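Chemist: need the 3D shape of this:
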Amino acid sequence: MNAPVSLHDAWTMPLDQIDVSQPRLYQDDTWEDYFARLRRDDPVHHTTDGMYGTFWSVTKYKDIMAVDTNHHVYSSDAMMGGIAIRDLPMDMRRPSFISMDPPKHDAQRKVVSPIVAPMNLTKLSTTIRERACRILDNLPRGEVFDWVDRVSVELTTQMLATLFDFPFEERRKLTYWSNVASVNTRAGTDIDSEQKRDAVLQEAVAYFSALWKERAAQEPRPDLISMLAHGEATRDLPSRPHEFLGNLLLLIVGGNDTTRNSISGGLLALNKNPDQYAKLRANPDLISSLVPEIIRWQSPVIHMRRTALVDAELGGKQIKAGDKVVMWYISGNRDEDGIDNANQFIIDRARPRQHLSFGFGIHRCVGNRLAEMQLTILWEEILKRFPAIEVVDEPTRGYSNLIRGINAMPVRIPA
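Modeler: Below is the predicted model:
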């Protein structure tokens, strides 16, 4: 792993030495100055032979929007490189509808979209509230505990088990598979190669294959596995193992990691901005604008990658067909030209949903409303119970340039 670069270097080092793909920047939470420098001096920045190869970094709000909304020029296709900055060998690529272009993307996404239709969200809200209440009521008072494990992971994993109609008592398998799918192989864990990752994920394939056969033999039901098993565009996924696993992982990680880290990141942001925490306690109606501000501030997905299909011009730079183009959502969400006072955490913004965290265009996050609903309900129930929840030490962050993860965060609820 590369050694961290000291913060002051961001403003003095030669531009061609800046490589924002280094996961250590996000683990150490020292990324902000590098992107501020790029937004000021080189908004569409070319890195040559960086930690993750040669690529363009798109750092400004308007340029990210231009890439994200133009799938005719910038491809998500897994066979072209997919949506992550790391380049995988062809035989390790796992297509899913987020790493496909139309028309295949549209057909597969349409199959699962009913899970987050307004009527279904209304039904899910009751379940989420019951679980949030139970989780919060069981938290200890006056002693330090890990908020990530007790609240963030537990609430989102319970929700994920419900969406899949997955055996509830085995729900932490979903957490484990999500962690394995998204962990960086250079992070110093047991998953230190793509081969080891794949070996673990084959367990998920075997488990879901059994559930798939059950659901396919039954009448259609309103859970994700049944939807996929009966969907015209997806019912034959098991015959395409890489694509089968790709779509499962997309739904597991998308339904888990982003909301989990926003739950943790929101509490951290409020603790680091006590004036905003006081404002929230004084006026719980601000939850409706707090939630999108948390999601913007946390930026749970750090980047998304595209590959240029044709030569194009972006921010005054000439992009060549085949070039790797990386949208740094975490930077766009701090762009003062795109969002007023972007470097401040403000829970009563006039336009709180003006952020990039869910993406734009055809790949805008299908579960964005579900994520917001979970956070909304959780904060409604927190404010009913606790005058304050104190973060007592810095969180442990993940070594990743894709998911802005908080792995552990010690907190205390005053007795």
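Chemist: mind listing what M304 touches?
Modeler: The contact partners of M304, taken as C-beta atoms under 8 Å, 6 or more residues apart in numbering, are 68, 83-84, 326-327, 329, 359, 363. C-beta: built from backbone N, CA, C; applies to glycine.
Chemist: switch the cut-off to 6 Å
Modeler: By C-beta atoms under 6 Å, 6 or more residues apart in numbering, the residues touching M304 are 83, 327.
Chemist: for S288, see how far away the residue lying closest to Q276 once chain neighbours are set aside is.
Modeler: Nearest in space to Q276, with sequence neighbours left out and distances taken as C-beta to C-beta, 6 or more residues apart in numbering, is I347 at 4.9 Å. Using C-beta to C-beta, to the nearest Å, we find I347 at a distance of 10 Å from S288.
Chemist: who has more neighbours, these two?
Modeler: I347 (25 against 14; other C-beta atoms under 10 Å).
Chemist: list the buried residues of stretch 90-97.
Modeler: Of the residues in stretch 90-97, 93-97 count as buried by neighbour count, 16 or more other C-beta atoms under 10 Å.
Chemist: the helices in the stretch 301-415 of the chain, which residues?
Modeler: Remark: helices assigned in the stretch 301-415 of the chain by DSSP state H, counting those that start in this stretch are 329-332, 368-385.
Chemist: highest average neighbour count across those?
Modeler: With neighbours taken as mean count of other C-beta atoms under 10 Å, the helices of the stretch 301-415 of the chain reach their highest mean count in helix 329-332, at a mean of 26.
Chemist: restricting to C-alpha, output it in CSV.
Modeler: What follows is helix 329-332, C-alpha atoms only, in CSV (Å, rounded to 0.1, in the frame of the first residue of the first chain):
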residue,chain,number,x,y,z
TYR,A,329,-18.8,12.0,-6.9
ILE,A,330,-17.1,12.8,-3.6
SER,A,331,-15.5,15.8,-5.3
GLY,A,332,-18.6,17.0,-7.3
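Chemist: count of residues packed around R40?
Modeler: Neighbour tally, R40, other C-beta under 10 Å: 10.
Chemist: pLDDT value on it, please?
Modeler: R40 carries a pLDDT value of 98.
Chemist: ok so it is a helix residue?
Modeler: Yes: counting by DSSP: H, G, I helix; E, B strand; the rest coil, R40 is located in a helix.
Chemist: in the longest helix along the chain, what counts as buried?
Modeler: With secondary structure taken from DSSP state H, the chain has its longest helix at helix 194-217. Buried positions in helix 194-217, judged by neighbour count with 16+ other C-beta under 10 Å: 197-198, 200-201, 204-205, 207-208, 211-212, 215.
Chemist: which of the residues you listed lies closest to N179?
Modeler: Closest to N179 out of these is V200 (9.7 Å), distances taken as C-beta to C-beta.
Chemist: need the contact list for the closest one.
Modeler: So V200 contacts V180 (C-beta under 6 Å, 6+ apart).
Chemist: where does the chain have low pLDDT?
Modeler: 1-8 (pLDDT under 70).
Chemist: all strands of it, in order?
Modeler: Ranges of strands in the chain, per DSSP state E, are 44-50, 53-58, 74-75, 144-146, 303-308, 312-314, 317-319, 324-328, 390-391, 396-397, 406-408, 410-412.
Chemist: any chance of these in CSV, with distance to G246 too?
Modeler: Output for those, formatted as CSV (distance: least, C-beta to C-beta, whole Å):
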stretch, distance to G246
strand 44-50, 26
strand 53-58, 22
strand 74-75, 16
strand 144-146, 31
strand 303-308, 15
strand 312-314, 27
strand 317-319, 26
strand 324-328, 19
strand 390-391, 36
strand 396-397, 27
strand 406-408, 25
strand 410-412, 35
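Chemist: stretch 331-348: end-to-end distance?
Modeler: 21 Å (C-alpha to C-alpha, to the nearest Å).
Chemist: may I see the buried residues of it?
Modeler: Buried residues in stretch 331-348 (16+ other C-beta under 10 Å): 331-335, 338-339, 342, 345-347.
Chemist: ok now that stretch, how far from the chain's centre?
Modeler: How far stretch 331-348 lies from its chain's middle: 19 Å, per C-alpha atoms, centre = their mean, to the nearest Å.
Chemist: export stretch 193-212 to CSV, keeping only CA atoms.
Modeler: The C-alpha coordinates for stretch 193-212 follow below in CSV (Å, rounded to 0.1, in the frame of the first residue of the first chain):
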residue,chain,number,x,y,z
SER,A,193,-6.7,-11.4,-4.6
GLU,A,194,-9.6,-11.6,-7.0
GLN,A,195,-9.3,-15.4,-6.9
LYS,A,196,-9.9,-15.4,-3.2
ARG,A,197,-12.8,-13.0,-3.5
ASP,A,198,-14.4,-15.2,-6.2
ALA,A,199,-14.0,-18.4,-4.1
VAL,A,200,-16.0,-16.8,-1.2
LEU,A,201,-18.6,-15.4,-3.6
GLN,A,202,-19.2,-18.8,-5.1
GLU,A,203,-20.8,-19.6,-1.7
ALA,A,204,-23.3,-16.8,-2.4
VAL,A,205,-24.0,-18.2,-5.8
ALA,A,206,-24.7,-21.6,-4.4
TYR,A,207,-27.0,-20.2,-1.7
PHE,A,208,-28.9,-18.0,-4.0
SER,A,209,-29.2,-20.7,-6.7
ALA,A,210,-31.1,-22.8,-4.2
LEU,A,211,-33.4,-19.9,-3.3
TRP,A,212,-33.8,-19.1,-7.0
